[in-house]
Structure formats: C-alpha cells, structure tokens
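Q: any chance you could fold what I've pasted below:
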Amino acid sequence: MKEMGGYIDITARDFQAIYRLAHRLALKRLMGAVRAGDLMTREVVFVARTTPQAVATGIAAIYLTKTLHPPGGATALIAVIGGDKIHHLCFFYALMPVGLGAVVMLVALLVNNIPRGRKYPEFWL
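A: Sure, this is the predicted structure:
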C-alpha cells in the first residue's frame, strides 16, 4: 500500500489480505463469545410423520389445479406444526385466507368493471 495525498492506493492483493484478516478476527471473536444456546430462543419443534405428507399433498393439489402459489406449502406446514390455537381452528385456518382472498378478488372484479372503458381481467384462463 502506498499513501497518496488524501487517499490510500490499495491493490487487489492488499484488499484480500485485509479482508482475510478481518474475516479471521471476526470468526475468532464470534466463536469465543457466542454459544449455540444464545442463538436458540425457542424450543426445537419436532414434526410428526404426517408433516411432509401434508405439505406434499398441498403442493400437489395446487399444482394439479394450476393455481401454484409458494405460500400454499407453508400454509399446509403451519396447519400441521402450528400450536393449539391453529389446531383449534381446524379447516377454518385454510378456508379463511382463501375466503377472504376470494372476496377481495370479487370486489376488484366489480370495481374494475364499473367504468365502460375498462375490463378486468383481460382474459380468463
């Protein structure tokens, strides 16, 4: 490295050396200060054997109906591993978001088709 009036001219090799030193020191500091127990704030959740089947069935159903949406698998997963409040909702847990989404789509359909020059959606299927 050489200093040139107001800034330091640094080569790629110098940058790599500084980066490696900072990385090594950061790892050393983290390993000495942080324990796994400090990072884990919740209990480990053990899933039932039916959990993968529930998620796979949910994804297969939305794939076959060509309505694939990534949160669909998460909804099935949460329905299985959720706590007592989720289990108490039974099928309403899945039906409420779908029902509310359908109501919102109907409102959008009605509002967007009120003006004569507008058509929503432009095409079906």
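
Q: make it CA atoms for all contacts and neighbour counts henceforth
A: Noted.

Q: care to break this structure down by domain?
A: As assigned by automatic domain parsing, the chain contains the domains 2-39, 45-84, 90-125.

Q: pick the most deeply packed of those.
A: Stretch with highest mean neighbour count among those: domain 45-84 (a mean of 14; mean count of other C-alpha atoms under 10 Å).

Q: ends of it, what's the gap?
A: Terminal residues of domain 45-84 lie 14 Å apart, using C-alpha to C-alpha, to the nearest Å.

Q: Throw the domains of the chain into TSV and include mean pLDDT, thanks.
A: Output for the domains of the chain, formatted as TSV (pLDDT from 0 to 100):
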stretch	mean pLDDT
domain 2-39	79
domain 45-84	80
domain 90-125	79
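
Q: most centrally placed residue in this structure?
A: P71 (8.1 Å; C-alpha atoms, centre = their mean).

Q: hey, where'd the strands end up in the protein?
A: In the chain, the segments counted as strands under DSSP state E are 2-4, 7-9.

Q: got the contact list for the spatially closest residue to V45 that is not a sequence neighbour?
A: Leaving aside its sequence neighbours, V45 sits nearest to I81 (C-alpha to C-alpha, 6 or more residues apart in numbering; 7.9 Å). By C-alpha atoms under 8 Å, 6 or more residues apart in numbering, the residues touching I81 are V45, V47, A48, T51.
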